[in-house]
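Colleague: I would like the atomic coordinates for the input below:
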Amino acid sequence: MISHLVLMKPRPDLTAAERQTLVAAFERAIREIASVRNVRIGTRVRHGAGYEARMPDAADYIAMIDFDDLEGLQTYLRHSAHEELGARFHESLSSALVYDFEVGGMEVLAGLAQGESEP
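Modeller: Numbering: from 1, shown residues only. From the prediction side, this is the model:
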């Protein structure tokens, strides 16, 4: 499985209409792109843990989008609905981090245990 992770922080001056346009573009992409297998959205939780003070204030939301394989992710990225989402994304956010991960179970840690620097 491939997980596409997007950490994002909306611009502080984003209007309600601009927020709705971003959400609508995301909903359209998820609805129209058949290679999407699962979507989870979350909001950042701050609870006083020591690491919070050391983290940059770069994200208030996370989107986790899962695909069967790399081809599914690439289909998503090339789709016209994603192009529209990308345009709204860049207009709406003050910061964002986007990463793609091949995801499995605990066996994925075997590479780390064996000293591999890259999967």
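Colleague: SS state for the closest residue to Leu5 other than its chain neighbours?
Modeller: Using C-beta to C-beta, 6 or more residues apart in numbering and skipping the chain neighbours, the partner closest in space to Leu5 is Tyr99 (4.9 Å). Quick note: C-beta positions are derived from backbone N, CA and C, even for glycine. The three-state label given to Tyr99 by DSSP: H, G, I helix; E, B strand; the rest coil is strand.
Colleague: Burial check on Tyr99, number of neighbours?
Modeller: 9 (other C-beta atoms under 10 Å).
Colleague: Isn't it up against Ala59?
Modeller: No: with contacts counted by C-beta atoms under 8 Å, Tyr99 stays clear of Ala59, the gap being 11.8 Å.
Colleague: in this structure, what spans have low per-residue confidence?
Modeller: The model of the chain has pLDDT under 70 over residues 116-119.
Colleague: Can you list the buried residues in the one helix or strand Ala29 maps to?
Modeller: Secondary structure assigned from DSSP states H and E places Ala29 in helix 16-32. For helix 16-32, the neighbour count (16 or more other C-beta atoms under 10 Å) marks Thr21, Leu22, Ala25, Phe26, Arg28, Ala29, Ile30 as buried.
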